[in-house]
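**Q** I would like to see how this sequence folds:
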Amino acid sequence: MSWSVLDVGPLVTVQDAGRPGWAHLGVPRAGWLDPPAARLANRLVGNPETSALLEVTLGGLRLRSDRDAWVAVTGAPCAVEVDGGSRGWGRAEWLPAGSVLRLSPPTSGVRSYLAVSGGIAVEPVLGSRSTDTLAWVGPARVSGGTVLALGAPAGPPRPLDVPTVPARGSLRIDPGPGRSWFPDDVLERLSATPYAVTDRSNRVGLRLQGEPVHRTRDDELPSQGMVLGAVQVPPDGQPVVFLADHPTTGGYPVVAVVRTDDLARCAQLRPGEEVRFRTA
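**A** Here you go, the predicted model:
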């Protein structure tokens, strides 16, 4: 029981809820960047919420299944086709054995999530099937010619949820451990101006361009542990929001931390789009 991948776009990886708890060994958590979308996709096809699926960046995926299966696509809205016929986004769809499934580039957002009944059953590494794109722990990135093992279906599809288009809006922040490296009003200044997403953003971090965040100290910060959502400020003053594949340590001050509930928005921001911070 498998999928044969025919074509991919910019990046396709296997993801699940990640592998937290290994940072002391230098292993990033990885896992899907848009948890609500990924969990919804799994629910729609009758999987446990934490089952492994495919995270598809900017579409371009085409694959063939060797078994009948239920599939669902959530996250960034995109056209879904089976053997050239249109299928629905955000709901369970039947994929007959031997047919070809295709995901087009999304109309908005960045990352779509493709779940299959039974989940992607690649070999887990350190308790997770997620691909970490920083150290490349876990399964290799999905490419043309990849064959993905599928698990046994756990139950019937459950079309009980109403999917939503990826949300836009500000990112709520709390003070970070490096706040003392900046002026007293740094969080107010950070929240007063929009930042543009740059094309250097990836699963490691959302890189932003805008009004520089200036330090009040010029000494070096000893390397320290990093957390998901940390807003790190390198010497050029341009903030970086750490996402799922972030390094476990860093040597630049963390001015703020984005609240976990808002991080899914970072997964769907395209280069050139604006984002604002907001003190919680």
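
**Q** quick check: buried residues in stretch 200-217?
**A** For stretch 200-217, burial by neighbour count (16 or more other C-beta atoms under 10 Å) applies to 201, 203, 204, 205, 206, 207, 208, 209, 210, 213, 215. All C-beta spots, glycine's among them, are computed from the backbone N, C-alpha and C.

**Q** and what of stretch 230-247?
**A** Those buried within stretch 230-247 under the rule 16+ other C-beta under 10 Å are 230-233, 238-247.

**Q** tell me how far stretch 220-238 is from the chain's mean position?
**A** Offset of stretch 220-238 from its chain centre (C-alpha atoms, centre = their mean, to the nearest Å): 20 Å.

**Q** apologies, that question was intended for stretch 122-139.
**A** Distance, centroid of stretch 122-139 to centroid of chain: 14 Å (C-alpha atoms, centre = their mean).

**Q** for it, give the mean pLDDT please.
**A** Averaging pLDDT along stretch 122-139 gives 96.

**Q** what's in contact with it?
**A** Stretch 122-139 is contacted from outside by 11, 13-19, 22, 26-28, 30-32, 52, 120-121, 140-141, 148-149, 202-204, 245-247, using C-beta atoms under 8 Å, 6 or more residues apart in numbering.

**Q** who touches the closest residue to residue 55 other than its chain neighbours in this structure?
**A** Nearest residue to residue 55, sequence neighbours excluded (C-beta to C-beta, 6 or more residues apart in numbering): residue 15, at 4.6 Å. Residues in contact with residue 15 (C-beta under 8 Å, 6+ apart) are 30, 31, 32, 33, 38, 52, 53, 54, 55, 129, 130, 131.

**Q** most widely separated two among the buried residues of stretch 200-217?
**A** Based on C-beta to C-beta, the longest span within those runs between 203 and 215 and measures 27.2 Å.

**Q** partner residues bridging the closest residue to residue 240 other than its chain neighbours?
**A** Of all residues not flanking residue 240 in the chain, residue 205 sits nearest, at 4.5 Å (C-beta to C-beta, 6+ apart). On the basis of DSSP bridges, residue 205 is bridged to residue 242.

**Q** would you confirm that residue 205 contacts residue 243?
**A** Yes. In this structure residue 205 lies within contact range of residue 243 using C-beta atoms under 8 Å: 5.6 Å.

**Q** farthest pair within the contacts of residue 15?
**A** The most widely separated members of these, counting by C-beta to C-beta, are 33 and 129 (15.4 Å).

**Q** give me the domain ranges for this structure.
**A** As assigned by automatic domain parsing, the chain contains the domains 2-149, 171-279.

**Q** can you list these in a markdown table and add distance to residue 156?
**A** Formatted as a markdown table, the domains of the chain follow (distance: least, C-beta to C-beta, whole Å):
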| stretch | distance to residue 156 |
| --- | --- |
| domain 2-149 | 5 |
| domain 171-279 | 27 |
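
**Q** deepest-packed of those, please.
**A** domain 2-149 (a mean of 20; mean count of other C-beta atoms under 10 Å).

**Q** how long is that domain from one end to the other?
**A** 4 Å (C-alpha to C-alpha, to the nearest Å).

**Q** and it, how far out from the chain middle?
**A** With C-alpha atoms, centre = their mean, you get 11 Å for domain 2-149.

**Q** so which of the contacts of residue 15 sit within strands?
**A** 53, 54, 55 (DSSP state E).

**Q** which residue is nearest the middle of the protein?
**A** residue 33 (2.0 Å; C-alpha atoms, centre = their mean).

**Q** does that residue really touch residue 56, like I thought?
**A** No. Residue 33 is beyond contact range of residue 56, at 11.6 Å (criterion: C-beta under 8 Å).

**Q** mutual contacts of these two, please.
**A** residue 111.

**Q** where's residue 87 relative to residue 199, distance?
**A** Residue 87 is 31 Å from residue 199, where distance means C-beta to C-beta, to the nearest Å.
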